[in-house]
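[1] generate a structure from the sequence data that follows.
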Amino acid sequence: MSFGAKTPFILLARIQVKPDKVQEYLLLAAKTDKAVEESEPGMLHHTFDQDPDNSLCFVWSEVYKNDEAFLSHLANPPVREYLQGHAELGDNFSVEVYGTVGDKCKAVMEETGLPLKIYESKLGYSRV
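    Okay, the predicted model is just below:
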């Protein structure tokens, strides 16, 4: 299988919420999740998972159909609102990508300024 801009990939966004802002953050995350579900057909999986060892830490688990789906996600107004809300309510935000993305998508990911680590696929397959 050839991996690149047209293949699915997984993104994990690891965040930490300020101690007194968890409930407010959960409302922001729920609003964003609903908007993404309604407006992004290229988002194949989207969950907000809480760390079992630290109630202030969460992970967005996302599966994108392809690079274009990610670019649409980042340009989606509710996602921009979420990132602005995170700046007020959150402490940390880092991104891990599992799967190969094209040069344009990688450049856009890097332009966010968020800590980023991309694990490029060397073998395997996807049934997504």
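[2] give me the nearest residue to His45, chain neighbours excluded.
    Nearest residue to His45, sequence neighbours excluded (C-beta to C-beta, 6 or more residues apart in numbering): Val63, at 3.8 Å. C-betas here are computed from N, CA, C, even on glycine.
[3] what does stretch 114-128 contact?
    1, 3, 7-8, 44, 63, 65, 93-101, 106, 109-110 (C-beta atoms under 8 Å, 6 or more residues apart in numbering).
[4] ends of that stretch, what's the gap?
    Using C-alpha to C-alpha, to the nearest Å, one end of stretch 114-128 lies 27 Å from the other.
[5] re earlier: how many other residues sit next to the residue nearest to His45?
    19 (other C-beta atoms under 10 Å).
[6] packing partners for whichever strand or helix holds it?
    Using DSSP states H and E, Val63 sits within strand 57-64. Strand 57-64 makes packing contacts with strand 9-17, strand 43-50, helix 67-75 when contacts are defined by 3 or more C-beta pairs under 8 Å, 6 or more residues apart in numbering; DSSP states H and E.
[7] contact partners of it?
    8-17, 25, 29, 42-51, 70, 73, 128.
[8] partners of that strand, with directions?
    Using DSSP bridges, strand 57-64 pairs in its sheet with strand 9-17 (antiparallel), strand 43-50 (antiparallel).
[9] next, the angle from the first one to helix 67-75.
    Using axes from the mean of the first three to the mean of the last three C-alpha atoms, to 10 degrees, one finds that strand 9-17 and helix 67-75 are set 20 degrees apart in direction.
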